[in-house]
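Undergrad: what's the 3D shape of this:
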Amino acid sequence: MRIAVLGAGNGGQALAGYLSSKGFSVALYNRSEKRIKRVKVNRGINLSGLFKGFAGIEIITTDIKKAIEDVDLIMVVLPAQAHRFIAKTCAPHLSDEQIIVLNPGRTGGALEFQNILKKNGVKERIYLAEAQSFLFVSRVIDPKVKILGVKNSVPVAALPSSDTKKVINKLKNLHESFKEAKNVLETSLNNIGAIFHPSTMIFNIGRIESKERFNYYFEGITPQIADFLERVDNERRMIAHELDVKAVSASDWLREVYNANGGSLYELIQDTEKYEGIGSPEFLKHRYIFEDIPTGLIPMASLGKLLGVQTPLINSVIGIASQFYRVDFMKKGRTVESLGLEGKNKQQIIDYVNGGE
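TA: Here you go, the predicted model:
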């Protein structure tokens with residue numbers, strides 16, 4: 001199987017190196033030369049952590065056509081706000097029967113991606129899917145890429161859901177953690193990063209701005225902050241319930257994915273060993289805000305408004321971030337309009353993700 005990995009950040013390099021070490025033919029693409037310069041010089045990636053050794057990469061390029069031509073599987077490992085760009089960039093070069101997986105899709109990733117492909121005239125038979133979260137916990141620590149952890153379960157759904165089995169059958173060759181999800185509403189509305197990241201960042205802005213270094217999860221999420229996160233999480237789950245989607249709580253997610261033990265969310269976070277070594281952001285303009293709000297909280301709030309579900313805490317986090325950063329995140333974020341759901345009622349949305357019509 002020939003695989004293209006689009007994105008050469010922490011996740012992209014980890015996935016490309018892992019796949020190569022497992023014997024797959026890998027092409028690694030990045031928009032700019034900077035992130036792939038060292039990989040080009042070495043002609044591969046040095047892995048450390050759970051997987052060790054040198055993994056040669058067959059194609060390392062900034063040319064999207066060269067990266068995805070004749071590949072079977074396209075693994076998009078980019079910040080979710082880059083999905084619009086990569087969808088437009090890939091559109092002219094896609095071939096029939098190719099599989100595209102967003103790792104992860106965040107909230108509404110596959111819906112937005114498909115909308116853009118349609119607007120760019122893609123007629124080829126493409127299998128498009130999104131993962132609920134990224135497979136690895138990883139960091140690029142020059143000169144190596146360190147894989148710190150592997151999630152026990154990574155739910156994946158295709159759009160429409162009738163394509164999911166085909167996608168999962170392909171992904172099972174990569175790693176056993178990939179599991180079949182009900183549909184993209186389930187993967188999108190179980191976006192736990194949107195719960196953990198923005199609020200925690202906002203509550204710790206003073207520490208971050210003063211250049212204090214701390215463990216983002218163990219120290220950044222205090223008992224009071226964890227209580228707030230649980231209430232934000234409840235709003236997410238109410239939206240999912242309205243769409244007949246099983247939304248696992250953030251607490252149960254930690255139990256399932258990381259085998260954490262504890263009664264409260266705070267206790268579970270403290271027991272999540274794979275969060276060891278995850279430091280605090282070094283700057284305020286961080287993906288925990290600029291990715292997780294536009295592609296996490298905003299589509300949740302937009303769906304909630306469409307369905308008549310009240311989301312006062314989610315709205316407050318969006319509002320505070322918009323005022324603090326002086327950015328109109330609502331204009332930048334995914335909404336029911338950009339997801340192709342405008343004017344649809346509950347049943348029409350469900351039918352659309354299951355049948356594609």
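
Undergrad: show me the domain layout of this protein.
TA: 2-189, 193-355 (automatic domain parsing).

Undergrad: can you tell me what sits against the lengthiest helix in the chain?
TA: Identified as the longest helix of the chain according to DSSP state H is helix 223-242. Residues from elsewhere that reach helix 223-242, judged by C-beta atoms under 8 Å, 6 or more residues apart in numbering: 185-186, 189-191, 194-196, 199-200, 203, 221, 246-247, 249-251, 264-266, 269, 300, 303-304, 307-314, 317, 346. Where you see a C-beta, it was placed from the backbone N, CA and C, and this is true even at glycine.

Undergrad: give the ChimeraX command for selecting the buried subset of the residues you listed.
TA: Here is the ChimeraX command that selects the buried residues among the contacts of helix 223-242 (16 or more other C-beta atoms under 10 Å):
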select :185,186,189,190,191,194,195,196,199,200,203,221,247,249,250,251,265,266,269,300,303,304,307,309,311,313,314,317
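
Undergrad: the contacts of helix 223-242 in helices, which ones?
TA: Short answer: these in helices (DSSP H) are 185-186, 189, 194-196, 199-200, 203, 250-251, 265-266, 269, 300, 303-304, 307, 312-314, 317, 346.

Undergrad: strands along the stretch 1-150 of the chain, start to end?
TA: Ranges of strands in the stretch 1-150 of the chain, per DSSP state E, counting those that start in this stretch, are 2-6, 25-29, 44-49, 53-56, 59-61, 73-76, 99-102, 127-131, 136-141, 144-150.

Undergrad: in TSV: those, plus mean neighbour count and distance to Phe283.
TA: Output for the strands of the stretch 1-150 of the chain, formatted as TSV (neighbours: other C-beta atoms under 10 Å; distance: least, C-beta to C-beta, whole Å):
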stretch	mean neighbour count	distance to Phe283
strand 2-6	24	25
strand 25-29	25	26
strand 44-49	20	25
strand 53-56	14	30
strand 59-61	19	28
strand 73-76	24	25
strand 99-102	25	26
strand 127-131	27	27
strand 136-141	21	16
strand 144-150	21	21
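
Undergrad: I'd like to know which of these is closest to Thr295.
TA: Among the strands of the stretch 1-150 of the chain, strand 99-102 comes nearest to Thr295, with 10.4 Å by C-beta to C-beta.

Undergrad: packing partners for the closest one?
TA: Helices and strands touching strand 99-102, by 3 or more C-beta pairs under 8 Å, 6 or more residues apart in numbering; DSSP states H and E, are strand 73-76, helix 109-119, strand 127-131, helix 164-171.
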